[in-house]
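A.B. asks: sharing a model that was predicted from the sequence below.
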Amino acid sequence: MSRIGKLPVAVPDKVKVTVNGSEVAVEGPKGKLSKTFDSAVSIKVEDGNVVVAPVNETRHANAMYGTTRSIINGMVAGVQQPYSKKLEIEGVGFKATLKGQELDLALGYSHPILYKIPAGITVTVDGGTKLTVEGCDKHMVGQVAADIKGFKPVEPYKGKGVRIVGEYVRRKEGKKTA
């Protein structure tokens, strides 16, 4: 049994949660999110709290209700205070510029990389090498950051590439001449 799943999710005053079957919609000052969950869990709003419980005692239901509660908690937190990830680009000539809803990345390839920013996500570029990805949806913020990092991951010899701030990259020693 999940210990996290047993805890109710407290809903603040500024946030509105509506449950329609297995679909949960959360609306707050910073945006709105909706997500459909597995039918193995029951979701109810009681006394300003969201309560999640397994429908039956199967292994699948027990696994899903803790996960469902955690995702709903993330949705409630995201519409109050958006999630953000900071990225930095390191390398000579490596930079990023914002062109409307597209991110133009120069990462040492023969062509620029154009990344279309999904709806609900805002990307800010500071100084050409520092990026901030923000949004209400925790999953989407992490996915956009991972997509941008995936274009040029940090290589271990010179440390060039895109990294998430605070990420440790193990450096390797280069080739030695005799």
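C.D. replies: Received it, and whenever you're ready, just let me know what you need.

A.B. asks: what's the longest strand in the chain?
C.D. replies: The residue-count maximum for a strand in the chain (DSSP state E) belongs to strand 83-90.

A.B. asks: and that strand, what other elements does it pack with?
C.D. replies: In terms of contacts (3 or more Cβ pairs under 8 Å, 6 or more residues apart in numbering; DSSP states H and E), strand 83-90 is packed against strand 130-135, helix 138-151, strand 161-164. The C-beta positions use only the backbone N, C-alpha and C, and glycine is treated the same way.

A.B. asks: would you turn the ones you listed into TSV with mean neighbour count, distance to Asp38 and mean pLDDT?
C.D. replies: What follows is the helices and strands packed on strand 83-90, written out as TSV (neighbours: other Cβ atoms under 10 Å; distance: least, Cβ to Cβ, whole Å; pLDDT from 0 to 100):
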stretch	mean neighbour count	distance to Asp38	mean pLDDT
strand 130-135	20	24	95
helix 138-151	17	16	95
strand 161-164	20	30	94
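
A.B. asks: pretty sure Glu90 sits against Lys152.
C.D. replies: No: contact between Glu90 and Lys152 fails when scored by Cβ atoms under 8 Å: they sit 9.8 Å apart.

A.B. asks: out of the helices and strands packed on strand 83-90, flag the one nearest Ser110.
C.D. replies: helix 138-151 (13.7 Å; Cβ to Cβ).

A.B. asks: buried residues, stretch 157-171. List them.
C.D. replies: Of the residues in stretch 157-171, those buried by neighbour count under the rule 16 or more other Cβ atoms under 10 Å are 160-164.
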